[in-house]
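J.: how does the following fold in three dimensions:
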Amino acid sequence: MEPCYGRLSQIEGIAPMRRLFLLILILLAIYLAYPYWTLYRLQNALLSNNAETLKKIVDFPAVRANMQKQVQGGLLKKSQELGKKAPVRGDIGEALTRAFGPSVVGGSIDSLVTPEAVLSNPTIVEHRENQEGFGDFLKWAFFSAPTTFTIQSQNPEKADAPVITSTMNLEGFRWRITDIDLPPLKTLVPDMIAPEPDAAPRTRKTGRPGREQRLTNATPGPISQDSYECFFLFV
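T.: Numbers count the residues shown, from 1 in each chain. Here you go, the predicted structure:
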């Protein structure tokens, strides 16, 4: 009887271990799948125009604060680079950026980074009308740390489109997007049509007798990064 009793005790001891191991596997599967489920909910919120769900998934105050730091840092870096070429202009630019940058940048980003602005984005509206998902925008999505999940997305219709990197953090028991890394501004500047080198120059009357103003046949060249920064700030 003793050998049988000993084997029975061993079997009874193994069963709880198996249940514990199974529970750990289930919890691990839930942990690994949860951020992908959050992305699925994000897509549904965009397609259903659901601002409340979008607010739960995206931490808009945190995203706005991180974007403001990025833009202000970029402007300061630009003014410092200018200072090496033209010290006076660089010093003035840096002083103006430090004085007025936070309010100007903050106001622009506060108006651009909102649930309403995101849901009214033309690309999102087009996908919503056609009920098309955003899976083709996704390039990479995986853990970068136990409580951090990195997402890389790119417009599939443009091979040279910048890659946007977003970060989700585990806050309590839910994943939320807390940061979006802005690509270099020069990658967002559209290419313009090149000049027509063989075309004869055009002229127009200036209002002064005997004088004409020479015009180029070319459309404007590529927009400079400086121009785009100004445009971004004052949209």
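J.: which residues touch the residue nearest to residue 114 when sequence neighbours are not counted?
T.: Of all residues not flanking residue 114 in the chain, residue 60 sits nearest, at 6.6 Å (Cβ to Cβ, 6 or more residues apart in numbering). For every residue, glycine as well, the C-beta is placed using N, CA and C. Counting by Cβ atoms under 8 Å, 6 or more residues apart in numbering, residue 60 touches 113, 114, 115.
J.: just the pLDDT for residue 60.
T.: Listed pLDDT for residue 60 reads 96.
J.: kindly report the same for residue 161.
T.: pLDDT recorded at residue 161 is 86.
J.: what about it, distance to residue 133?
T.: 18 Å (Cβ to Cβ, to the nearest Å).
J.: likewise residue 18?
T.: 39 Å.
J.: who has more neighbours, those two?
T.: Neighbour count, other Cβ atoms under 10 Å: between residue 18 and residue 133, residue 133 has more, with 14 against 9.
J.: the more buried one touches residue 127, doesn't it?
T.: Yes: at 7.4 Å, residue 133 counts as touching residue 127 under the criterion of Cβ atoms under 8 Å.
J.: so what sits against both of those two?
T.: Shared contacts of residue 133 and residue 127, counting by Cβ under 8 Å, 6+ apart, come down to residue 47.
J.: distance of residue 115 relative to residue 51?
T.: Residue 115 is 4 Å from residue 51, by Cβ to Cβ.
J.: my error: substitute residue 17 in the last question.
T.: Residue 17 is 48 Å from residue 51, by Cβ to Cβ.
J.: more crowded one of those two?
T.: residue 51 (13 against 9).
J.: all strands of this structure, in order?
T.: For the chain, the strands defined by DSSP state E cover 138-145, 148-153, 164-171, 174-181, 202-205, 212-215.
J.: determine the longest helix present in this protein.
T.: Secondary structure assigned by DSSP state H gives helix 2-47 as the longest helix of the chain.
J.: pLDDT on that helix, on average?
T.: 83.
J.: what's it packed up against?
T.: Packing partners of helix 2-47 (3 or more Cβ pairs under 8 Å, 6 or more residues apart in numbering; DSSP states H and E): helix 51-57, helix 122-130, strand 138-145, strand 174-181.
J.: swap the cut-off to 7 Å and go again
T.: The helices and strands touching helix 2-47, judged by 3 or more Cβ pairs under 7 Å, 6 or more residues apart in numbering; DSSP states H and E, are helix 51-57, helix 122-130, strand 174-181.
J.: nearest to residue 149, of the ones you listed?
T.: Among the helices and strands packed on helix 2-47, the nearest to residue 149 by Cβ to Cβ is strand 174-181 (6.3 Å).
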